[in-house]
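[1] take a look and give me a structure for this.
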Amino acid sequence: MNAEPIETAVSQAASSAPSLKPVAKPFSVFTKRQKRLIILSAALTAFISTVSAQIYLPAMSPMARDFGVSDDSITLTVTTYMVFQALAPTFITSLADSGGRRPAYFFCFLIYISSSTGLALVPNFAGALVLRSFQSIGSSSTMVLCNAVIADIITSAERGEYFAYTLIPQALAPSTGPLLGGILAQYLGWRSVFWFLVIYAAVIGVVMLSFQPETCREIVGDGSVLPPKAYWTLLQYLKQRRAKNETSTTTEKEVFIMIGNHKPLTTAISRKILAVLKLFLKKQSAMLLWSNGLSYLSFYCVPAAMPFLLRDKYGFSETKVGLMYLPLAGGVLLIALVSGRVFSWNYKRYCQRLDIPFEQSEQLDSYQFPIERARLEVGLPLVIIAGLCTIGWGWAMHASCHIAVIAVLNFFVGAGMAGSNSCINMVLIDTNPGKGGTVMAASNIAKCLIGAGATAAILPLVDAIGSGLAFFIVGCAYMVCLVPLLIIALKGQKWRQAELERLEQK
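    Predicted structure coming up:
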């Protein structure tokens, strides 16, 4: 990953200027409209990651019947999916950081479409377990790549606005995924679920690879450098074909030399793994990563348990089960619509308080700005909402309350979960400038490993102690998150400044 943003931040902070001055050069040459289209395209591709987990849920019961296995056994396909979802992005982002975003996307689409086709034809449970693992390898990195693309072209001042786009997959998947999966499983059979995923991935893959430009700063810088022909989109190819004289300041030959000077891919992967592990050893990053993982418990446990609880307690069909995911998605959608404005408003409020120019197109020195407080003041109330509503959801399901109560709680669980998670991710990226891919790979490990264990344990736990106590435990995990997040909000900036002083002394 390019070290230039880090070196710039260090040199600026070392000057000990009383007021913060932005870097004169714009962070990215892309216009606001182009940024929106690039990020929206990346977000719709990341939809593959979330929908692959969600669309599958209503199909688990009929799959268990066809394969002759228990409900607990079929949930292992979700567990293995999340284990590989945790590990795969570390390797894929190594490819993305050293060779570009577009080759990484191509690899993801190739693996995903092949494994989804295999799942549509799989004859037994063992085959489904293996192919779900490969499907996870192909799909999981699309969300991490989406966040890496955002880090390539977006400054901290803009991040609150554009980060809301990453909630689009989280908003659409919990609604369209289970609903569509329920309809397909009930009327066309569970295999049609995977055929749908094959078609969707093929269509979005062609569109993505045809029109999404390369954004990796190692290759295109701020977007002004023309990449090698292998990285061209269809639009770039047509434009360069018409143009007789290239106007790029860096020639294609120079770009190939620049890429050729990189370390071999195996070395890049080793360095990426080491960089990810270092984040878990770094005090503030480790606290954020594990808090982020715990905040994802309800995202995995509630949807995973819902099909079986609604079937056993309310006698719902696959289609009705799918409809019950709509309120969950509604809460995520609400956060996607309003959170960006709220995060940007609080960021701007701190700029005004500290007499800092608010320039969205220019990257500021984060070492002299309380970015943790600016973000977490918005995110902490959402953590509390998610925890309390998860506890209420479990007891409402235990008491077989009216289905409207379950629906309302679904809405607030979705809102709290999505808001708190996006907030923590923003703090992670803001406090680790130039390391967007590495940060999201580490975040993926934490949340998916915790989620994998929780998904495997939630149904046996519900059977043993009931849904009320089981989800009381899940909800309390949010309350545990409050402690480290509060500490980071109060002391995070001081920790980063102390780390900067140590770097200067070396």
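[2] hey, let's count contacts and neighbours off CA atoms from now on
    Noted.
[3] what about the nearest residue to Met208 once chain neighbours are set aside, neighbour count?
    Among residues not flanking Met208 along the chain, Ser41 sits closest, at 6.9 Å (C-alpha to C-alpha, 6 or more residues apart in numbering). Per other C-alpha atoms under 10 Å, the neighbour tally for Ser41 reads 19.
[4] and the pLDDT at Ser41?
    Ser41 is assigned a predicted lDDT (pLDDT) of 86.
[5] Val480 now?
    pLDDT, Val480: 87.
[6] ok, now which ones touch Ala128?
    Ala128 makes contacts with 77, 119, 122, as judged by C-alpha atoms under 8 Å, 6 or more residues apart in numbering.
[7] for the helix or strand hosting Asn346, packing partners?
    Per DSSP states H and E: Asn346 is located in helix 326-353. Contacts defined by 3 or more C-alpha pairs under 8 Å, 6 or more residues apart in numbering; DSSP states H and E place helix 326-353 against helix 156-162, helix 167-187, helix 371-398, helix 403-430.
[8] and the residue nearest to Met208, how far from Gly99?
    Ser41 sits 20 Å away from Gly99, going by C-alpha to C-alpha, to the nearest Å.
[9] what helix or strand is the residue nearest to Thr79 when sequence neighbours are not counted located in?
    Once flanking residues are discounted, Thr79 sits nearest to Ala452: 4.6 Å by C-alpha to C-alpha, 6+ apart. Ala452 belongs to helix 436-505 when assigned by DSSP H and E.
[10] put the alpha carbons of stretch 118-131 into PDB.
    Provided in PDB are the C-alpha atoms of stretch 118-131 (Å, rounded to 0.1, in the frame of the first residue of the first chain):
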ATOM      1  CA  GLY A 118     -21.600 -26.200  -8.600                       C
ATOM      2  CA  LEU A 119     -24.000 -25.600  -5.700                       C
ATOM      3  CA  ALA A 120     -26.900 -25.500  -8.100                       C
ATOM      4  CA  LEU A 121     -25.900 -29.000  -9.200                       C
ATOM      5  CA  VAL A 122     -24.500 -30.500  -6.000                       C
ATOM      6  CA  PRO A 123     -25.800 -34.000  -5.200                       C
ATOM      7  CA  ASN A 124     -25.100 -34.300  -1.400                       C
ATOM      8  CA  PHE A 125     -24.400 -32.400   1.800                       C
ATOM      9  CA  ALA A 126     -20.600 -32.900   1.800                       C
ATOM     10  CA  GLY A 127     -20.400 -31.300  -1.700                       C
ATOM     11  CA  ALA A 128     -22.600 -28.400  -0.600                       C
ATOM     12  CA  LEU A 129     -20.300 -27.800   2.400                       C
ATOM     13  CA  VAL A 130     -17.200 -27.700   0.300                       C
ATOM     14  CA  LEU A 131     -18.700 -25.500  -2.500                       C
END
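[11] would you mark the buried spots in it?
    By neighbour count on 16 or more other C-alpha atoms under 10 Å, the buried set for stretch 118-131 is 118-120, 122, 125, 128-129, 131.
[12] and for stretch 31-39?
    Neighbour counts over stretch 31-39 (16+ other C-alpha under 10 Å) mark 35, 38-39 as buried.
[13] quick one, what contacts the residue nearest the centre of the chain?
    For the chain, the residue nearest the mean C-alpha position is Met143 (4.5 Å; C-alpha atoms, centre = their mean). Counting by C-alpha under 8 Å, 6+ apart, Met143 touches 43, 45-47, 49.
[14] one more time with 10 Å
    42-50, 89, 149, 166, 169, 440-441, 444 (C-alpha atoms under 10 Å, 6 or more residues apart in numbering).
[15] tell me the most packed of those residues, by neighbour count.
    Neighbour counts for those peak at Ala441, which has 32 neighbours (criterion: other C-alpha under 10 Å).
[16] ok, now how distant is Met440 from Ile150?
    In this view, Met440 and Ile150 are 11 Å apart by C-alpha to C-alpha.
[17] contacts for stretch 273-282, please.
    90-91, 93-94, 267-272, 285-290, 428, 432, 435, 437-443, 445-446.
[18] re the thing from before, how far off helix 403-430 does the helix holding Ala452 point, in degrees?
    40 degrees (axes from the mean of the first three to the mean of the last three C-alpha atoms, to 10 degrees).
[19] before we move on, the earlier item: quick check: neighbours shared by Met440 and Ile150?
    Val144.
[20] quick one on the thing from earlier: just the angle between the helix holding Ala452 and helix 371-398, please?
    Using the same axes, to 10 degrees: helix 436-505 against helix 371-398 is 140 degrees.
[21] now do stretch 426-436, average pLDDT.
    80.
[22] can you tell me the distance between the two ends of it?
    OK, stretch 426-436 end separation, C-alpha to C-alpha: 10 Å.
[23] and Asp72, how close does it get to Ser224?
    53 Å.
[24] my bad, Ser298
    42 Å.
[25] more neighbours: the two, which one.
    Per other C-alpha under 10 Å, whichever of Ser298 and Ser224 has more neighbours is Ser298, with 27 against 14.
[26] out of everything not next to it in sequence, what's closest to Val122?
    Ala128 (6.1 Å).
[27] next up, phi/psi of Gly223, please.
    With angles defined as degrees, to the nearest 10, Gly223 sits at phi 100, psi 0.
[28] burial count for the residue lying closest to Gly331 once chain neighbours are set aside?
    Distances taken as C-alpha to C-alpha, 6+ apart put Ala415 closest to Gly331, at 4.1 Å, once the chain neighbours are dropped. Applying other C-alpha under 10 Å, we find 26 other residues in the vicinity of Ala415.
[29] pull the contacting residues for the closest residue to Val405 other than its chain neighbours.
    Spatial nearest neighbour of Val405, excluding adjacent residues (C-alpha to C-alpha, 6+ apart): Ala396 at 7.2 Å. Contact analysis of Ala396 by C-alpha under 10 Å, 6+ apart lists 390, 402-403, 405-406, 409, 467-468.
[30] retrieve the pLDDT associated with Ala396.
    pLDDT, Ala396: 92.
[31] how far away is Glu501 from Lys348?
    Taking C-alpha to C-alpha, one finds Glu501 at 27 Å from Lys348.
[32] so between these two, which is more surrounded?
    Lys348 (19 against 14).
[33] need phi/psi at Cys216.
    phi -60, psi 120.
[34] that one is in contact with Ala104, isn't it?
    No. Look at Cys216 against Ala104 with C-alpha atoms under 10 Å: they stay out of range, at 11.0 Å.
[35] mutual contacts of the two, please.
    With C-alpha under 10 Å, 6+ apart as the test, Cys216 and Ala104 both reach 96-98.
[36] among these, name the ones in helices.
    Among those, the members falling in helices are 96-98 (criterion: DSSP state H).
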